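*Asks:* Structure of the sequence below:
(one chain, ligands or ions: 1)
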Amino acid sequence: METLAREHPDLVKPLTLPFPTSSGRLVRGIEISRDVQVNDGKPVFVTVGMHHGNEWPSGELVMEYAVDLVNSASSGDPYVSNLLDRARLVVVPIVNVDGFVRNRRQTDTNVDMNRNYGFGWLPISTGGAAPWSEPEARNIEWLLSTRQATTFVTQHTCIQVVLYPPLQLAAGSTQDVARFEDLATRMATRYGPGYIPRDSAHDYETTGEAIDWAYFATRGLAFTAETCPNSGVARTFQTQVTDTYVAHRLAMFEALENTADPAQHATIEGKAPKDAVLRITKSFDMYTQPYSQPGGTTRPSAFTTTLTSDLDITKPNGKFRWAVNPSYRPVPPYQADGVRPNQTTFYTEPWILTCERPDGTVLQRTPVNVDLGQTVTVDLQQCTRNFHKKNPV
Ligand SMILES: [Zn+2]
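*Replies:* Numbers count the residues shown, from 1 in each chain. Take a look at the predicted model:
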């Protein structure tokens, strides 16, 4: 990743996640896009590997896709170049670095980090001491909370499935089940005839996985892709990585096409002063499932999710287009008073957009409601009027 960033600074930017692992190792990734250094508001596809540290092919596939994209774009491949004009990737091949170093599923605290995400969490033996107790899970929370990831794929081995929320049958279908089915089917078809697209609960029921929190917090489409050679085929580097990658790259192009498609996200556009920073935020409580708490009561625990991401106004004319997740958040099945399955509605919960000077002075604050596939124009005249004034009014 360091080599890619050094050799292609126009396409690749290094990224270090904020929390070292419990044994103090850094978790690193790269961003890939055209003019990658510019914080330009393209829709974001996040692809990660190795939540489970003994599933090495999952990290290899994620890394190989990064190398493939950069090599294709830098050699002028028109298909890849066009996609990187329209979308940004964030690639983190190894999210459980300690597990990778020791070739074991869990983190160094003996936790399955893919049971530690707070939404719908239960205190199972591998789930960690509390929701979000593990720095490895908090890294992915941070990653998806600080950019507009409209598509998220987490790679695993060794089954042939493409899974989407919910994790539990009792939660019922999600609001976006048709969109999930559509993209999961496209990806599974690319992986090959043995691959099954389905909701995760119908594969087997789990709790506290990345995809459930990711979807219900951000409304980005979130998938667990599990790859494996056909049954009876030996599991070797050749079969699990080299041969699987031929199909994996096509599945990932489906995900990247989905990311770039304006019908699959929302768009905020307008005109702001050059050098301004635009920021959108929202903050809300989410819940675990009910479980037996100290003191003898059975109830959910609450945690706060805060989404915040920003855009730099770099064009002299100040015009911008910002690809974001819809402001309408899916009503979750896990609530303050327990499990409320089969939700069909969304909260009307606007993004709070601020227009700021580079030093952080907020000059305007405005709510923005924007739905899937919709483009909303915001009026930032107040920010523009005051941007160069000493005493903003
Ligand atoms: Zn796994």
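*Asks:* Let me know whether my guess that residue 282 is in a strand holds.
*Replies:* Yes - applying DSSP: H, G, I helix; E, B strand; the rest coil, one finds residue 282 inside a strand.
*Asks:* so it touches residue 325, yeah?
*Replies:* No - applying C-beta atoms under 8 Å as the test, residue 282 and residue 325 come out as separate, 10.1 Å apart. Where C-beta positions appear, they are placed from N, C-alpha and C, glycine not excepted.
*Asks:* Between these two, which has more neighbouring residues?
*Replies:* residue 325 (27 against 17; other C-beta atoms under 10 Å).
*Asks:* On the pLDDT front, check that one for me.
*Replies:* Looking at residue 325, its pLDDT is 98.
*Asks:* For it, give me its contacts.
*Replies:* 148, 149, 150, 218, 219, 220, 265, 266 (C-beta atoms under 8 Å, 6 or more residues apart in numbering).
*Asks:* Got the phi and psi for it?
*Replies:* When read as degrees, to the nearest 10, the backbone of residue 325 gives phi -80, psi 150.
*Asks:* Kindly report the residues of the stretch 51-200 of the chain close to the ion.
*Replies:* 52, 55, 156 (C-beta under 5 Å from the ion).
*Asks:* can you tell me which of the contacts of residue 325 are in helices?
*Replies:* residue 218 (DSSP state H).
*Asks:* quick revisit: strands - which of the residues of the stretch 51-200 of the chain next to the ion land there?
*Replies:* The strands, defined by DSSP state E, take in residue 156 from those.
*Asks:* Can you show me the strands along the stretch 151-300 of the chain?
*Replies:* 161-164, 196-199, 221-226, 266-271, 277-287, 291-292, 298-299 (DSSP state E, counting those that start in this stretch).
*Asks:* Can you name the next helix or strand after the last one?
*Replies:* Which is strand 298-299. The first helix or strand that comes after strand 298-299 along the chain, using DSSP states H and E, is strand 302-312.
*Asks:* Give me the nearest residue to residue 304, chain neighbours excluded.
*Replies:* residue 285 (5.7 Å; C-beta to C-beta, 6 or more residues apart in numbering).
*Asks:* The one you found: neighbouring residues, count only.
*Replies:* Neighbours around residue 285, by other C-beta under 10 Å: 10.
*Asks:* can I assume it is in contact with residue 300?
*Replies:* No - Residue 285 lies out of contact with residue 300 (C-beta under 8 Å); the separation is 10.0 Å.
*Asks:* residues shared between the contacts of the two?
*Replies:* residue 336.
*Asks:* what's the spacing between residue 63 and the ion?
*Replies:* Using C-beta to the ion, to the nearest Å, we find residue 63 at a distance of 17 Å from the ion.
*Asks:* ok, the closest residue to the ion within the stretch 251-393 of the chain - contacts?
*Replies:* For the stretch 251-393 of the chain, the residue closest to the ion is residue 251, as judged by C-beta to the ion, at 16.8 Å. Residues in contact with residue 251 (C-beta under 8 Å, 6+ apart) are 162, 187, 188, 190, 191, 225.
*Asks:* Next one, pLDDT for it please.
*Replies:* pLDDT, read off for residue 251, is 98.
*Asks:* returning to what we had before: now the residues of the stretch 51-200 of the chain next to the ion in JSON lines, with pLDDT and neighbour count?
*Replies:* Below are those laid out as JSON lines (pLDDT from 0 to 100; neighbours: other C-beta atoms under 10 Å):
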{"residue": "52", "pLDDT": "98", "neighbour count": "24"}
{"residue": "55", "pLDDT": "98", "neighbour count": "23"}
{"residue": "156", "pLDDT": "98", "neighbour count": "20"}
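*Asks:* how about TSV for the residues of the stretch 51-200 of the chain next to the ion, with distance to residue 110 added?
*Replies:* Below are those laid out as TSV (distance: C-beta to C-beta, whole Å):
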residue	distance to residue 110
52	13
55	17
156	19
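*Asks:* What is the nearest of the residues of the stretch 51-200 of the chain next to the ion to residue 112?
*Replies:* residue 52 (7.4 Å; C-beta to C-beta).
*Asks:* Residue 158 is in contact with the closest one, correct?
*Replies:* No - contact criterion C-beta under 8 Å: residue 52 and residue 158 do not qualify, at 10.2 Å.
*Asks:* End to end on stretch 127-146, go ahead and measure it.
*Replies:* Start to finish, the residues bounding stretch 127-146 are 24 Å apart (C-alpha to C-alpha, to the nearest Å).
*Asks:* No further queries at this time; thank you.
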